[in-house]
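> Sharing a sequence plus its predicted fold:
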Amino acid sequence: MELGTWVFSLVLIFSLLRQFSESVAESSSTPPAPVCSEEDRASLLSFKASISQDTSQTLSTWTGRDCCDGGWEGVQCNPSTGRVNMLQIQRPERDDETYMKGTLSPSLGNLHFLEVMIISGMKHITGAIPDSFSNLTHLTQLILDDNSIGGCIPPSLGRLSLLQSLSLAGNHLKGQIPPTLGGLRNLVQLNLARNSLTGPIPLTLKTVINLQYLDLSYNLLSAPIPEFVGEFKNLTFIDLSSNLLTGKIPVSLFGLVNLLDLSLSNNKLTGNIPDQVGNMKSLTSLQVSANLLTGHIPLSISRLQNLWYLNVSRNCLSDPLPAIPTKGIPALLSIDLSYNNLSLGSVPDWIRSKQLKDVHLAGCKLKGDLPQFTRPDSLSSIDLSDNYLVDGISNFFTNMSSLQKVKLSNNQLRFDISAIELPTELSSMDLHANLLVGSLSTIVNNRTSSSLEVIDVSNNFISGHIPGFVEGSSLKVLNVGSNNITGPIPVSISNLMYLERLDISRNHVLGTIPSGIGQLLKLQWLDVSINGLTGQIPSSLSQLTGLKHANFRANRLCGEIPQTRPFNIFRPVAYAHNLCLCGKPLQPCKKHGSMGQ
């Protein structure tokens, strides 16, 4: 009996000990989150000290001892070590008021456990990328987009072997792309766009075989596109546009079956578009505009089942256009063949019959009547300018319910503009340099004022008065120059609060310049030259501080030119051939008696 009691007591003791040890283990497995490393805190505060202005108010939250408590905006830590592993400072999209002024402190290179550094869109961060960033050996993302960083890309960044995303776009970087970036074997995204980088694309980049996204656009890169780019089998996006690249388009590029987007526009590329383009089964966008390409557009593009955007404009491509089958390029929404050596005569049936959004065929030697599209309701943008079109306007806009932009300039279209009915969604209309007659009453009225932003009907034979403008107008550009317009400038022009460009030159406009033009604070271009305007240049125009061009030449204006910038620094020719204008930049006004030139 005593033995049984002893055994029972022993079992009970062991049981209690086990429960105690388990509870101790349990409590020790969930320790309180450690306070951030003093070294990391000091590095962050050093960066804060290098920023003299921060409208984002991000850095104002960097107070207190613990940078890992969630209170330091943009800072994240590893919860088990207390070391900073993410620094993320980004401007919100479409927010132009947020920026930082200052530099990137080299102390950021002491955040040894940092995995992600994003300092993006701060606009006014200047100086160079510190060499010390090469110490961040755990870094997988380095994103320094849209600042004002200068100098060269540090070659030492090639040591960041774990880096997957490197984006330095939208800065002021110069010099060559460092060959050492070829050491970034894990790189998936490389974006160096919108800088001033020079020289060739380095051959050492051929080792970055996992690359999926490559954007080197808007730089000054030269030499041919390397053949090895076609070996990056995982690439889905290539943008090398707006550089100085030469030579032929490498055939190897057209073996990239996963590529979705290829943009090589605005370079100096020669040769033709290879037939192998038809092999790019995933391609959705092909842009090779503004090069020196010759030959024909290959029929093989009809095999591109996913292509929705095709832009081959501004090259030297020649006839004939490929006879695309009815079911060819089934996804096509936007096509631009403008300004090549094409003599189309008429819009090809395969273009007219597709449900397209954008049709741009400027300078393609189109003749006769304007085309009739099978699916006009889908069209958003049409450019048929610089052709030989003469008629067909009466029902051209019928059922174009989605049309926003139309450009029919530099043709021989002859019609009464006051009889035209515009689509309700139209925002931009360019009909300059045709044979238009009639008045502006149909174009400028209550119905169109809320949607139309651009009206250019210059160089025609339009007559009548300039109509009144209602409040709420969206107009940004009004160009009615070189017509036969008479009467005054309406006082209601002051309602065009968004107007940036006003040109009524070379007409027969009379009366005075309305003082209300001084309320158009967004105005950058003002041309009222070669009319019959009288009176003074209103002093209220001195409020137009953003004006970049003004021309008052050849009127009957008199009196003192507003003696504020920019009016007193425009060239004298802007005021020549008037009745008696005076003051800078002309001769001083006479204090007594009459004023003369």
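Alright, I've got the coordinates. This one's a predicted model, so the numbers in the text were calculated from it and none came from an experiment.
> Low-confidence stretches in this structure?
Scanning the chain for pLDDT under 70 picks out the ranges 1-34, 446-449, 592-597.
> Show me the domain layout of it.
With automatic domain parsing as the criterion, the domains of the chain are listed as 32-224, 230-342, 414-597.
> Now distance to Leu366 and mean neighbour count too, for the ones you listed, in CSV please.
Glycine gets a C-beta too; all of them are placed from N, C-alpha and C. Listed next are the domains of the chain as CSV, based on distance: least, CB to CB, whole Å; neighbours: other CB atoms under 10 Å:
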stretch, distance to Leu366, mean neighbour count
domain 32-224, 31, 18
domain 230-342, 10, 18
domain 414-597, 14, 18
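> between those domains, which one is nearest to Phe397?
Distances from Phe397 to each of the domains of the chain were compared using CB to CB; the shortest belongs to domain 414-597, at 5.6 Å.
> what's the offset of that closest one from the middle of its chain?
Computed by CA atoms, centre = their mean, to the nearest Å, the chain-centroid distance of domain 414-597 equals 29 Å.
> List phi and psi for the nearest residue to Asn411 once chain neighbours are set aside.
Taking CB to CB, 6 or more residues apart in numbering as the measure, Asn411 lies nearest to Leu389, with 4.3 Å between them; neighbours along the chain are not counted. Here the main-chain torsion angles of Leu389 (degrees, to the nearest 10) amount to phi -80, psi 140.
> now the domains of the chain in TSV, with distance to Cys364?
Listed next are the domains of the chain as TSV, based on distance: least, CB to CB, whole Å:
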stretch	distance to Cys364
domain 32-224	27
domain 230-342	5
domain 414-597	17
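> Nearest approach to Ser394 belongs to which of these?
Proximity of the domains of the chain to Ser394 was assessed by CB to CB; the nearest stretch is domain 414-597, lying at 7.2 Å.
> tell me the contacts of Asn568?
For Asn568, the contacting residues are 561-562, 583-585, taking CB atoms under 8 Å, 6 or more residues apart in numbering as the criterion.
> Nearest to Ser80 among these?
Taking the contacts of Asn568 together and measuring to Ser80 by CB to CB, the closest member is Pro562, at 68.7 Å.
> The closest one and Leu496, how far apart?
Noted for Pro562: a distance of 20 Å to Leu496, by CB to CB, to the nearest Å.
> Specify the beta-bridge partners of Lys123.
Here Lys123 sits in beta bridges with Met100, going by DSSP bridges.
> which residues does Leu292 contact?
Leu292 touches 268-270, 315-316, counting by CB under 8 Å, 6+ apart.
> Enumerate every residue touching the residue most central in space within the chain.
Against the mean C-alpha coordinate of the chain, by CA atoms, centre = their mean, the closest residue is Arg194 at 10.7 Å. The contact partners of Arg194, by CB under 8 Å, 6+ apart, come to 169-171, 217-219.
> any idea where the helices of the stretch 301-450 of the chain begin and end?
Ranges of helices in the stretch 301-450 of the chain, per DSSP state H, counting those that start in this stretch, are 349-352.
> How about the chain?
With DSSP state H, the ranges of helices along the chain come out as 2-29, 38-49, 349-352.
> closest to Arg501 among the contacts of Arg194?
Closest to Arg501, out of all of the contacts of Arg194 and judged by CB to CB, is Tyr218, at 25.7 Å.
> Touching, the closest one and Leu197? I think so.
No - contact between Tyr218 and Leu197 fails when scored by CB atoms under 8 Å: they sit 9.5 Å apart.
> can you count the residues close to the closest residue to Leu370 other than its chain neighbours?
For Leu370, ignoring the flanking residues on the chain, the nearest one in space by CB to CB, 6+ apart is Gly392 at 3.7 Å. For Gly392, the neighbour count with other CB atoms under 10 Å is 14.
> residues in contact with Gly392?
Gly392 sits next to 368-372 when contact means CB under 8 Å, 6+ apart.
> Please produce a markdown table containing the residues you listed, extended by neighbour count.
Supplementary listing: these in a markdown table, determined by neighbours: other CB atoms under 10 Å:
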| residue | neighbour count |
| --- | --- |
| Gly368 | 13 |
| Asp369 | 15 |
| Leu370 | 22 |
| Pro371 | 20 |
| Gln372 | 12 |
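> Need these in JSON lines (columns: distance to Glu471).
Putting the contacts of Gly392 into JSON lines (distance: CB to CB, whole Å) gives the following:
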{"residue": "Gly368", "distance to Glu471": "42"}
{"residue": "Asp369", "distance to Glu471": "39"}
{"residue": "Leu370", "distance to Glu471": "34"}
{"residue": "Pro371", "distance to Glu471": "38"}
{"residue": "Gln372", "distance to Glu471": "38"}
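> which among those gets closest to Leu114?
Minimum separation from Leu114 among these (CB to CB) is found for Pro371, which lies at 58.5 Å.
> phi, psi of the closest residue to that closest one other than its chain neighbours?
Distances taken as CB to CB, 6+ apart place Val347 nearest to Pro371, at 4.1 Å, with adjacent residues excluded. Its backbone dihedrals place Val347 at phi -70, psi 120, with angles given as degrees, to the nearest 10.
> My read is that Ser353 contacts Pro371, right?
No - if you go by CB under 8 Å, Ser353 and Pro371 don't touch, sitting 10.8 Å apart.
> if we can go back for a sec, please tell me how far the residue nearest to the centre of the chain sits from Gly82.
Between Arg194 and Gly82 the distance, using CB to CB, works out to 38 Å.
> likewise Leu408?
Distance from Leu408 to Gly82, counting by CB to CB: 67 Å.
> Was I right to think Leu526 contacts Pro538?
No - under the criterion of CB under 8 Å, Leu526 is not in contact with Pro538, lying 11.7 Å apart.
> anything in contact with each of those two?
With CB under 8 Å, 6+ apart applied, the overlap between the contact sets of Leu526 and Pro538 consists of Ile517.
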